[in-house]
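# Pasting the sequence and the predicted model now:
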Amino acid sequence: MAWAFTRLRNIGVCRYLNNVDEVSSPRFLFVCIQSKNNIKTMMIMKKHLLLFAMILLPLVASAHDIEVKNADGVTIYYNYINDGKELAVTFLGSGYSDYSNEYQGNVAIPEEVTYMNRTRKVTSIGGGAFYGCKNLTSVTIPNSVTSIGGRAFEGCSGLTSVTIPNSVTSIGEYAFDYCSGLTSITIPNSVTSIGDEAFRGCSGLTSITIPNSVTSIEGGRSNIALNLPPSPSPTA
């Protein structure tokens, strides 16, 4: 009998016992008390797991680390990079195509961001950061930014003005893909590499000047030129 209850104690056999005084065996009483303690422990663990899941839920729903308003009151999303010492502008959601207009109008990216009493420099515009933001009209990129990630502004058809500062050294693939509203863009002498089809579909541009500083162009110079073979817009 004692063996049987020992085997069953983890599934709460003692919930059926209202009066342990009727049981004379000290071993049976110990097993019963042990079972009740196990049940209590399991209930506490369930509460802790539920609390942990509630804490993790926002992290699963969004990929950005922090969100901070700039001087104009515009919310900008960031990820920590370089061991948390710097920031990269990113998108809202778990993927860059989850939302299409989290950034609208004029967006001025600050050079530094203070969050939780710590100030970090913004050194990158992450991949897909402004992807599909059709209502974005202009972006100010600070001199602290050194890289523009792949698909950073892809599908921003309303973008008419963007200035790439002299601090930027690399422009990722499809970075300005289908930015049909752009009429001019200057690539600074600081840029050394340009990704494949970085300016594909920019039908408003009449020319792009590539500085001598550029030593690497994925796919060759023709792949960043205008009037490439058309393909469907990713945000159509």
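On my side now, so go ahead.
# Please work out how many residues are found near Gly95.
The number of residues packed near Gly95 is 10, by other C-beta atoms under 10 Å. All C-beta spots, glycine's among them, are computed from the backbone N, C-alpha and C.
# and the closest residue in space to it that isn't next to it in sequence, how many residues sit next to it?
Take Gly95 and drop its neighbours on the chain: the residue closest to it by C-beta to C-beta, 6 or more residues apart in numbering is Ala63, 7.3 Å away. Counted with other C-beta under 10 Å, the neighbours of Ala63 add up to 17.
# Use 26 as the first number for this chain going forward.
Yes, from this point I'll number from 26; that puts the last item at Ala88.
# in terms of contact, does Ala88 touch Ser119 like I think?
Yes: counting by C-beta atoms under 8 Å, Ala88 touches Ser119, with 5.1 Å between them.
# domains of the protein?
Domain segmentation of the chain under automatic domain parsing yields 27-86, 87-261.
# Could you tell me the least trusted of those?
Of all those, domain 27-86 carries the lowest average pLDDT, namely a mean of 51.
# which residue ranges form the strands in this structure?
Here the chain has its strands, by DSSP state E, at 91-94, 100-106, 111-115, 130-133, 137-140, 143-150, 161-165, 172-173, 186-188, 195-196, 218-219, 241-242.
# what residues does the third one touch?
Judged by C-beta atoms under 8 Å, 6 or more residues apart in numbering, the contacts made with strand 111-115 from elsewhere in the structure are 88-89, 91, 101-106, 134, 138, 145-151, 153-154, 174.
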